[in-house]
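Student: fold the following and give me the result.
(chains A, B, C, D, E and F)
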Protein chains: 4
Amino acid sequence: MVKAHAPTSDKYDRILSAAVKIFAQKGFFHARISEIAKEAKVADGTIYLYFENKDDILISLFEDQMDQVLANMKLAVAREDDALDKIRCFALTHLRMVESHPDLAEVIQVELRQSSKFMKEYKNVKFLDYLDLVGQIIREGQAAGQIRFDLSPTVAKRAFFGALDEMSRYYVLSPSPKVSIDEAAHQISEVFIRGIAA
Amino acid sequence: MVKAHAPTSDKYDRILSAAVKIFAQKGFFHARISEIAKEAKVADGTIYLYFENKDDILISLFEDQMDQVLANMKLAVAREDDALDKIRCFALTHLRMVESHPDLAEVIQVELRQSSKFMKEYKNVKFLDYLDLVGQIIREGQAAGQIRFDLSPTVAKRAFFGALDEMSRYYVLSPSPKVSIDEAAHQISEVFIRGIAA
Amino acid sequence: MVKAHAPTSDKYDRILSAAVKIFAQKGFFHARISEIAKEAKVADGTIYLYFENKDDILISLFEDQMDQVLANMKLAVAREDDALDKIRCFALTHLRMVESHPDLAEVIQVELRQSSKFMKEYKNVKFLDYLDLVGQIIREGQAAGQIRFDLSPTVAKRAFFGALDEMSRYYVLSPSPKVSIDEAAHQISEVFIRGIAA
Amino acid sequence: MVKAHAPTSDKYDRILSAAVKIFAQKGFFHARISEIAKEAKVADGTIYLYFENKDDILISLFEDQMDQVLANMKLAVAREDDALDKIRCFALTHLRMVESHPDLAEVIQVELRQSSKFMKEYKNVKFLDYLDLVGQIIREGQAAGQIRFDLSPTVAKRAFFGALDEMSRYYVLSPSPKVSIDEAAHQISEVFIRGIAA
DNA sequence: GATGAATGAGGGTTCATTCAT
DNA sequence: AATGAATGAACCCTCATTCAT
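Tutor: Have a look, this model is predicted:
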């Protein structure tokens, strides 16, 4: 069922913003629809005019935000010509997004990789697109002779993303991180680049 | 509260094993106590003789299994003398454990990093110990002059673990992986070693 | 926590009435929320829109009804000028209320004096107010020289109330009482009045 | 089912004593069998060798204790020749028993008049016997011309017992009573005697 | 569209009772 | 007789979802 809603209303966005906040605070399962409604200043029932059910809020949130994250990252990476610079750029942009949107980062980090509901049944296309940005850069670098040919892009893109992601978890969950975002991005991209260089 | 139970009974282990299976299948929140009880072939109430509540099952499971994982990894790594070989060993051992205990790996992967309950309120000491095994190896390699001194062990250990962990997620959730466990372990450890080498 | 509910709805009263009936029938502990809900023709969950929990139903019931009982008794007693007539009036009014509201009388008789929950932790102010109506009458009669001065109002008010209360228990629990309400009220008040007269 | 138990064992009494204590503390419904067992220093299951079920503990307790109370009261009252002195003696003995066995008094006061289980289904013969001791005294006094003939023993015995009982509740539940037991007994019996005197 | 009172299915947990030892 | 681990029926309460207004 496609939910109709007037584009003039900002309720859809208000609900999603509220959901990000509450999900980050309590976790998806402990978050209450009534709490999201209260935070969004709408009635409980109103949420069901914009979303099918509770799951749909999380998925919509993810899809919506991943569109922006993806667009943002593509734009940032496109500014660099060199594959290795693109990798540096990816790391920095990724961690800076985490820093500037901690609630969203936490929800994506923590809630979205949880439970069969969202990682098995729900085909996480947006996430795979995001992951493949790294894969493209690697293949580009291989084509340019900068990156070893015996490196599997499938493995390498996950290794790189995983490194950044684990670092994100550190920032999301750690009250007082000891290393700056920029320094972490620098260290991770340098290790990776040396590791994959031809 | 320490729950009394005869050491001769295997119910504690039966319940934990059942829980691993059901949690992996349905996710923690969708898992039903009655289902775990049925799988463990005990009455619902019996579970509460061994565990405080549902949360306690997950935490006990984690603590119990992490003890074994930790011991296993320490043993494996101790067989190598060279820091770089230890890193190779860690990667291979980690991914092989994931391969041989897919249910457990999935639960740890997916459930335990979820929700404030388990990553914020619950001090995940065992996980930090595990993570620090990598940190120790790195400091050892730095002392031996094999690893760059300008590398932050804090960042590097997370980068390495994150790479392995993201690869684990791939194996846990992917129905038909395209790269072998051993090959993935090899690629990840080689990229990392080149990346951090002095 | 004050439970919100539209004043136009009669659900609050319907639930209380149902509760009186079920509590009288089964006793508080054997009464089931679902049974009260069914009797009140509301859903189980609806009860929790009007009451915090099962205990709260009993306490609300008591507070609500005692307000009415208290008001009713004050009104009745105020019609008499003479202290001794007030005592006669109190006895008659009390037992007639018991007769006309047997379910409520039984609940108050039996449930409310039960268990630390309601007689120790719960400060039963309304009941003490009711009891003190008798105390006031006695002090009034002492001031008028009709009642002995060496009589302790503290003891006397309890003696009088206890006499009526035990008689109430008889009516509440006895299937076929042998003495009429009015005759019992008469006998009790006359014994008491002679007993306390100057 | 009649429960057999060796008269050499004191477990039966230990369980009843424990039950009195726990029932007084928590109330019948909040009392846990396991708690009574612990207090009596027997295993949970042992209780079921001596009692049919939880209800049976309370009833046995009541029957057992009422036998003693009844015997005690009969003995005390038999020492007096005069009906009016017997009334004085009854009041004093009753309140002194309450004072010296507060736990038991509380259980009888509070638990035993609760719930249909014990006041409707369970024919409370012992209590009626106790109540009728007063009835007998009154009839005796009427025969001796000391007590009015137009007084209904049915009403009068309840009035007198109710007065004492309400006073007991005061002592049982009040942390610091303002009137002494002996004074209360004196006042109540004097009021009653004057009230019923020919 | 918007509301929020009402719904009622569902499940974690308790605890009286049983029974193998 | 005594034990206490095990049982499983029973129930209060929560909360996602609905629908009359």
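
Student: so which residues make contact with the helix or strand where residue A:185 lies?
Tutor: Here residue A:185 sits within helix A:181-196, counting by DSSP states H and E. Identification of contacts with helix A:181-196 by CB atoms under 8 Å, 6 or more residues apart in numbering or on different chains yields A:84, A:87-88, A:90-92, A:94-96, A:98-99, A:138, A:141, A:147-148, A:151, A:156, A:159-160, A:163-164, A:167, A:171, A:179, B:151-152, B:155-156, B:159, B:190-197. (C-beta placed from N, C-alpha, C; glycine too.)

Student: mind redoing it with 7 Å?
Tutor: A:84, A:87-88, A:91-92, A:95-96, A:99, A:147-148, A:151, A:156, A:160, A:163-164, A:167, A:171, B:151-152, B:155-156, B:159, B:191-192, B:194-196 (CB atoms under 7 Å, 6 or more residues apart in numbering or on different chains).

Student: lowest-confidence helix or strand of chain A?
Tutor: Across the helices and strands of chain A, mean confidence by mean pLDDT, DSSP states H and E is lowest for helix A:115-116: a mean of 51.

Student: next helix or strand past that one?
Tutor: Assigned by DSSP H and E, the successor of helix A:115-116 is helix A:125-143.

Student: pull up the residues of chain A that are close to DNA strand F.
Tutor: Those residues of chain A that sit near DNA strand F, judged by CB under 7 Å from any atom of the strand, are A:30, A:31, A:32, A:33, A:34, A:44, A:45, A:48, A:53, A:54, A:55.

Student: those residues in helices, which ones?
Tutor: A:33, A:34, A:44, A:45, A:48, A:54, A:55 (DSSP state H).

Student: those residues: which two are farthest apart?
Tutor: Across those, no pair lies farther apart than A:45 and A:55, at 17.4 Å, counting by CB to CB.

Student: quick one: which of the two has more around it?
Tutor: residue A:55 (15 against 9; other CB atoms under 10 Å in any protein chain shown).

Student: what about the more buried one, distance to residue B:80?
Tutor: 46 Å (CB to CB, to the nearest Å).

Student: repeat for residue A:127
Tutor: In terms of CB to CB, residue A:127 sits 35 Å off from residue B:80.

Student: ranking the residues of chain A next to DNA strand F by neighbours, who comes first?
Tutor: Neighbour-wise, the residues of chain A next to DNA strand F (other CB under 10 Å) top out at residue A:31, 24 neighbours.

Student: residue A:65 reaches residue A:104, doesn't it?
Tutor: Yes - assessed by CB atoms under 7 Å, residue A:65 is found in contact with residue A:104 at 5.8 Å.

Student: okay, domains of chain A per the record?
Tutor: Per the record, chain A has its domains at A:1-52, A:61-196, by automatic domain parsing.

Student: wait, which of these is closest to residue C:108?
Tutor: domain A:1-52 (36.2 Å).

Student: tell me the mean pLDDT for that closest one?
Tutor: Mean pLDDT, computed over domain A:1-52, is 89.

Student: which outside residues touch stretch A:149-157?
Tutor: For stretch A:149-157, using CB under 7 Å, 6+ apart, the contacting residues are A:131-132, A:134-135, A:138-139, A:142, A:196, B:167, B:178-179, B:184, B:187-188, B:191.

Student: return the alpha-carbon coordinates of it using PDB.
Tutor: This file holds the C-alpha atoms of stretch A:149-157, laid out as PDB (Å, rounded to 0.1, in the frame of the first residue of the first chain):
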ATOM      1  CA  PHE A 149      45.700  -6.900  -9.700                       C
ATOM      2  CA  ASP A 150      45.600  -9.800  -7.300                       C
ATOM      3  CA  LEU A 151      43.400  -7.900  -4.900                       C
ATOM      4  CA  SER A 152      39.800  -9.000  -4.900                       C
ATOM      5  CA  PRO A 153      37.600  -5.900  -5.000                       C
ATOM      6  CA  THR A 154      34.900  -7.900  -3.200                       C
ATOM      7  CA  VAL A 155      37.100  -8.500  -0.300                       C
ATOM      8  CA  ALA A 156      38.900  -5.200  -0.400                       C
ATOM      9  CA  LYS A 157      35.800  -3.000  -0.400                       C
END
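
Student: how about that stretch: buried residues?
Tutor: For stretch A:149-157, the neighbour count (16 or more other CB atoms under 10 Å in any protein chain shown) marks A:151, A:152, A:153, A:154, A:155, A:156, A:157 as buried.

Student: among these, name the ones in strands.
Tutor: Taking DSSP state E, every one of the buried residues of stretch A:149-157 sits outside strands.

Student: so residue A:80 versus residue A:71, what's the distance?
Tutor: Taking CB to CB, one finds residue A:80 at 16 Å from residue A:71.

Student: neighbour count: the two, which is higher?
Tutor: residue A:80 (15 against 10).

Student: where's the closest residue in space to that one that isn't next to it in sequence, which helix or strand?
Tutor: Excluding its sequence neighbours, the residue lying closest to residue A:80 (CB to CB, 6 or more residues apart in numbering or on different chains) is residue A:86, at 4.6 Å. Per DSSP H and E, residue A:86 falls inside helix A:83-100.

Student: report all helices and strands that that helix contacts.
Tutor: helix A:54-78, helix A:125-143, helix A:153-173, helix A:181-196 (3 or more CB pairs under 7 Å, 6 or more residues apart in numbering or on different chains; DSSP states H and E).

Student: for that helix, give the mean pLDDT please.
Tutor: For helix A:83-100, the per-residue pLDDT averages 97.

Student: following that helix, which helix or strand comes up?
Tutor: As the chain continues past helix A:83-100, the following element, by DSSP H and E, is helix A:102-106.

Student: and that next one, anywhere near chain B?
Tutor: No - counting by CB under 7 Å from any CB of the partner chain, chain B is not contacted by helix A:102-106; separation bottoms out at 9.2 Å.

Student: buried set for that helix?
Tutor: Neighbour count says helix A:102-106 has A:103, A:104, A:105, A:106 buried, by 16+ other CB under 10 Å.

Student: now that helix, how far from the centre of its chain.
Tutor: Put simply, helix A:102-106 sits 9 Å off its chain's centre (CA atoms, centre = their mean, to the nearest Å).

Student: other residues contacting it?
Tutor: A:20, A:21, A:24, A:65, A:98, A:168, A:172.

Student: surely the third one meets residue A:107?
Tutor: Yes - counting by CB under 7 Å, residue A:24 does reach residue A:107; the two are 5.3 Å apart.

Student: looking at those two, which one has more neighbours?
Tutor: residue A:107 (26 against 23).

Student: ok, the closest residue to the more buried one other than its chain neighbours - contacts?
Tutor: Distances taken as CB to CB, 6+ apart put residue A:23 closest to residue A:107, at 4.6 Å, once the chain neighbours are dropped. Residues near residue A:23 by CB under 7 Å, 6+ apart: A:31, A:58, A:107, A:111.

Student: in which helix or strand does residue A:23 reside?
Tutor: Assigned by DSSP H and E, residue A:23 falls in helix A:11-26.

Student: what angle do helix A:54-78 and that helix make with each other?
Tutor: 90 degrees (axes from the mean of the first three to the mean of the last three CA atoms, to 10 degrees).

Student: do helix A:11-26 and DNA strand E meet?
Tutor: Yes - judged by CB under 7 Å from any atom of the strand, helix A:11-26 comes into contact with DNA strand E at residue A:11.

Student: around chain B, pick out the residues from chain A.
Tutor: So chain A meets chain B at A:26-27, A:29-30, A:110-111, A:113-117, A:119-120, A:151-152, A:154-156, A:158-159, A:161-163, A:165-167, A:170, A:173, A:178-179, A:184, A:187-188, A:191-192, A:194-196 (CB under 7 Å from any CB).

Student: mind giving me the PyMOL command for buried ones among the residues you listed?
Tutor: The PyMOL command for the buried members of the residues of chain A next to chain B (criterion: 16+ other CB under 10 Å) is given here:
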select buried, chain A and resi 26+27+29+110+111+113+114+115+116+117+119+151+152+154+155+156+158+159+161+162+163+165+166+167+170+173+179+184+187+188+191+192+194+195+196
